[in-house]
Structures are given as structure tokens and as C-alpha cells.
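# Any chance you could fold what I've pasted below:
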Amino acid sequence: MWETDPKIFSALHRVPGRAVWLFRCIAEHLVARCDGGRDIEGNIVAACQHCNSTRHRPKRPKDAVSYKNLVRSRMEQGRWHSVTLTHCTAPTG
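From the prediction side, this is the model:
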């Protein structure tokens, strides 16, 4: 993810054109505000634009722990995003 300069991220990871915006770091509410989630520290984490814009779309969205496990599994398989990045590793912890 990038926070301040998409050009540097794009060049470093060879992300083409507008696809770089999928990787912008933004705040993700673990419990969506529409579901009663609040703007408090324990309910907000860093997420890429792609995850934040798609996680709550399904009629039955996954809870935060299940979604975290899905993301980790896909990252380990190198298939989370449609854009393949270089110099990336799956998160630990």
C-alpha cells in the first residue's frame, strides 16, 4: 500500500496506470458505520482502497477475522489483486 506518493509505489512495484489507486492506504472500519460501527481506534485499521470498497458489498459480508484470513490466504498464493507486485510479502502477526 502507499499513503502519500502513488508514483513511487507504481514505479517500485511496476503497477500500471490507474491500477495504482487500488493500493492506496485508507481507513477501514471493521464493523461498518452503517452496521453501527464507530470511529474509534479498535474499529479502524489500515486497508487498501480495493479491500475497503469491496469487503462490505456482499449481502452476507464476512466478519473482520474471516476476511483477514481470506486476505492472508490469497496473499500467500500471490493472487489477492489482479496486479502482480514485486518485492511484496504476506503480513505477519
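# Give the buried residues for stretch 17-27.
20, 22-24 (16 or more other Cβ atoms under 10 Å). For glycine as for every other residue, the C-beta is placed from the backbone atoms N, C-alpha and C.
# Just the ones of the residues you listed in strands?
Among the buried residues of stretch 17-27, none falls in strands (DSSP state E).
# quick one: which of the residues you listed sit in helices?
Cross-referencing those against helices under DSSP state H gives no overlap.
# could you pull out the strands for this structure?
Here the chain has its strands, by DSSP E, at 25-29, 44-48.
# got those strands as CSV, with mean pLDDT columns?
Below are those laid out as CSV (pLDDT from 0 to 100):
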stretch, mean pLDDT
strand 25-29, 91
strand 44-48, 89
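# Grab the nearest non-local neighbour of residue 33.
Computed as Cβ to Cβ, 6 or more residues apart in numbering, the closest residue to residue 33 that is not its neighbour in sequence is residue 39, at 7.6 Å.
# Mind putting the strands of the chain into TSV with distance to residue 57?
Output for those, formatted as TSV (distance: least, Cβ to Cβ, whole Å):
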stretch	distance to residue 57
strand 25-29	13
strand 44-48	14
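# And those strands: which comes nearest residue 9?
Closest to residue 9 of these is strand 25-29 (Cβ to Cβ; 9.7 Å).
# Can you tell me the strand partners of the closest one and which way each runs?
Paired neighbours of strand 25-29 in the sheet (DSSP bridges): strand 44-48 (antiparallel).
# just to revisit the earlier point, nearest to residue 61, of the strands of the chain?
Using Cβ to Cβ, the strands of the chain put strand 25-29 closest to residue 61, at 11.6 Å.
# Can you pull the phi/psi pair for residue 15?
The phi and psi torsions at residue 15 (degrees, to the nearest 10) take the values phi -90, psi 120.
# This completes my enquiry, with thanks.
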